[in-house]
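J.: need a structure here:
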Amino acid sequence: MQIAVTTPTGNVGRHVVATLLRAGIRPRVLLREPDRLAPDIREEVDAVRVDQYDADAVVAATKAVDALFWVDPTTGGEDPLADYARATESVVRAVTANRIGRVVFQSSVGAEKRHGAGEIDGLAHTETALDDTGVDVTHLRCGYFFTNLELQLDALRAGLLQVILPLDRPMAWVAPRDIAEVAATRLLSPDWSGRHVQAVHGPTDLTWRQVAEILTAATGRRIDVERVTDDAMRDLLHRAGMTDALVEAVLGMSTGLRKNFEPEQPRTVRTTTPTTLAAWAHDHLKHRIDETADAPADPAALRPAARGGEDPGR
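T.: Purely as a prediction, here's the structure:
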């Protein structure tokens, strides 16, 4: 079986690659900078230099592929939805031209809304476009990534997270490694066909107040959370250099799911994964917060993302 993996150095993709290797699969990995692969991993995979926005390159890179793990690249462009459309064109052309048998697509909670959820609308477009090809596809509707907190290290060091969502509204939080295990299982399993939606919800829904309490206990630092107005966040994003279109797409991931939204997939034993935020924060976040902040702040860290699909690292 030939399996291709996009974003193989990302928060989810690197764990997908490792799981496939342990299963005896030598995956084909698609990325812009193959040198970013760890040397020991590089020897165990077939690396192909490719820009996911280049449809011709993606088609060439996925010839003779049986299954594909596809992640839309994180957009940094002036028009994020246009970037998602370009990525969607690439995967649709690859699936169609190469008759790829099955696709596992990393989507997000909120994509079921289809419109009105900012950047998540781009993931919804990829879902529907893949559905239209008739390929056997599983859409992973992921919760909010634990690793999004790593984009807010300065705020965590200062002891205050600012969000625009209600502080007492619970939402799904999930470890990227758990998402990878679900993705790899679907890629390797021969016992499914057609269109499927698989939610990945983490072990429990959490409010932002609960998150602050968990992080305080796990890191030994007092961390509070406050809700700010949409306009205050909009001004902050503008001052970080984001264009009007990007600001609205970023805000929409939260504002679009803030009122009268219930996930299409309820929490069940099939959607619940084991890694807790407390365990992850103790193992991965505590030492990052304790490090000296030498690098300038990344504007991406300001994103009040509701989607789980952020996957830094290519």
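
J.: Quick one: residues contacting residue 216.
T.: Residue 216 is in contact with 222-223, counting by Cβ atoms under 8 Å, 6 or more residues apart in numbering. Where C-beta positions appear, they are placed from N, C-alpha and C, glycine not excepted.

J.: mind checking the backbone torsions on it?
T.: When read as degrees, to the nearest 10, the backbone of residue 216 gives phi -60, psi -50.

J.: residues of the one helix or strand residue 93 maps to that come out buried?
T.: Using DSSP states H and E, residue 93 sits within helix 80-98. The neighbour-count check on helix 80-98 (16 or more other Cβ atoms under 10 Å) flags 80-81, 83-88, 90-95, 98 as buried.

J.: ok, these vs residue 288, which is closest?
T.: Relative to residue 288, the closest of those is residue 80; by Cβ to Cβ it sits at 26.6 Å.

J.: so what pLDDT did the closest one get?
T.: We have a pLDDT of 91 for residue 80.

J.: What distance do you get for the closest residue in space to it that isn't next to it in sequence to residue 199?
T.: Spatial nearest neighbour of residue 80, excluding adjacent residues (Cβ to Cβ, 6 or more residues apart in numbering): residue 249 at 4.5 Å. For residue 249, the distance to residue 199 equals 23 Å [Cβ to Cβ, to the nearest Å].

J.: same deal with residue 93?
T.: 28 Å.

J.: before we move on, what about residue 180?
T.: Counting by Cβ to Cβ, the separation of residue 180 from residue 199 is 15 Å.

J.: cool, and residue 36?
T.: 30 Å.

J.: between those two, who's got more neighbours?
T.: Looking at residue 36 and residue 199 with other Cβ atoms under 10 Å, you find the greater number of neighbours at residue 199, namely 24 against 14.

J.: What is whatever helix or strand that one lives in packed up against?
T.: Residue 199 is located in strand 195-200, with elements delineated by DSSP H and E. Packed against strand 195-200 by the contact rule (3 or more Cβ pairs under 8 Å, 6 or more residues apart in numbering; DSSP states H and E) you find strand 136-142, helix 176-188.

J.: Now do whichever helix or strand comes after it: distance to the chain's middle.
T.: Note on strand 195-200: by DSSP H and E, the next helix or strand toward the C-terminus is strand 205-206. Relative to its chain's centre, strand 205-206 lies at 18 Å (Cα atoms, centre = their mean, to the nearest Å).

J.: Pull up the pairing partners for strand 205-206, direction included.
T.: strand 171-174 (antiparallel) (DSSP bridges).

J.: what does the partner strand contact?
T.: Here strand 171-174 makes contact (Cβ under 8 Å, 6+ apart) with 109, 142-146, 165, 199-202, 204-207, 211, 263, 267, 273, 275, 277, 306, 308.

J.: and what of stretch 270-284?
T.: Counting by Cβ under 8 Å, 6+ apart, 146-147, 149-150, 173-175, 177-179, 181-182, 198-204, 206, 211, 214-215, 217-219, 265 sit against stretch 270-284.

J.: Show me the strands in the protein, by range?
T.: Here the chain has its strands, by DSSP state E, at 3-6, 28-31, 46-49, 67-70, 102-108, 136-142, 144-145, 160-163, 171-174, 195-200, 205-206, 224-227.

J.: and the first one, which strands flank it?
T.: Strand partners for strand 3-6, identified by DSSP bridges, are recorded as strand 28-31 (parallel), strand 67-70 (parallel).

J.: can you check the fifth one too?
T.: The pairing partners recorded for strand 102-108 under DSSP bridges are strand 67-70 (parallel), strand 136-142 (parallel).

J.: what distance separates that strand from the centre of its chain?
T.: Computed by Cα atoms, centre = their mean, the chain-centroid distance of strand 102-108 equals 11 Å.

J.: Mind listing the strands the strand holding residue 199 pairs with, and their directions?
T.: Going by DSSP bridges, the partners of strand 195-200 are strand 136-142 (parallel).

J.: Can I get the strands paired with strand 102-108 in a markdown table including mean neighbour count and mean pLDDT?
T.: Formatted as a markdown table, the strands paired with strand 102-108 follow (neighbours: other Cβ atoms under 10 Å; pLDDT from 0 to 100):
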| stretch | mean neighbour count | mean pLDDT |
| --- | --- | --- |
| strand 67-70 | 26 | 98 |
| strand 136-142 | 24 | 98 |
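
J.: Quick one: work out the angle between the helix holding residue 93 and strand 102-108.
T.: Orientation check (axes from the mean of the first three to the mean of the last three Cα atoms, to 10 degrees): helix 80-98 against strand 102-108 gives 170 degrees.

J.: Restrict helix 80-98 to CA atoms and write it as PDB.
T.: What follows is helix 80-98 as a C-alpha-only set of coordinates in PDB (Å, rounded to 0.1, in the frame of the first residue of the first chain):
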ATOM      1  CA  PRO A  80      -7.400  33.100   3.100                       C
ATOM      2  CA  LEU A  81     -10.400  31.600   1.500                       C
ATOM      3  CA  ALA A  82      -8.800  32.000  -1.900                       C
ATOM      4  CA  ASP A  83      -5.800  30.100  -0.600                       C
ATOM      5  CA  TYR A  84      -8.100  27.300   0.600                       C
ATOM      6  CA  ALA A  85      -9.700  27.200  -2.800                       C
ATOM      7  CA  ARG A  86      -6.300  26.800  -4.400                       C
ATOM      8  CA  ALA A  87      -5.400  23.900  -2.100                       C
ATOM      9  CA  THR A  88      -8.800  22.300  -2.700                       C
ATOM     10  CA  GLU A  89      -8.100  22.500  -6.500                       C
ATOM     11  CA  SER A  90      -4.800  20.600  -5.900                       C
ATOM     12  CA  VAL A  91      -6.300  17.700  -3.900                       C
ATOM     13  CA  VAL A  92      -9.300  17.400  -6.200                       C
ATOM     14  CA  ARG A  93      -7.100  17.200  -9.300                       C
ATOM     15  CA  ALA A  94      -4.800  14.700  -7.700                       C
ATOM     16  CA  VAL A  95      -7.600  12.500  -6.600                       C
ATOM     17  CA  THR A  96      -9.200  12.600 -10.000                       C
ATOM     18  CA  ALA A  97      -6.200  12.300 -12.200                       C
ATOM     19  CA  ASN A  98      -4.500   9.600 -10.200                       C
END
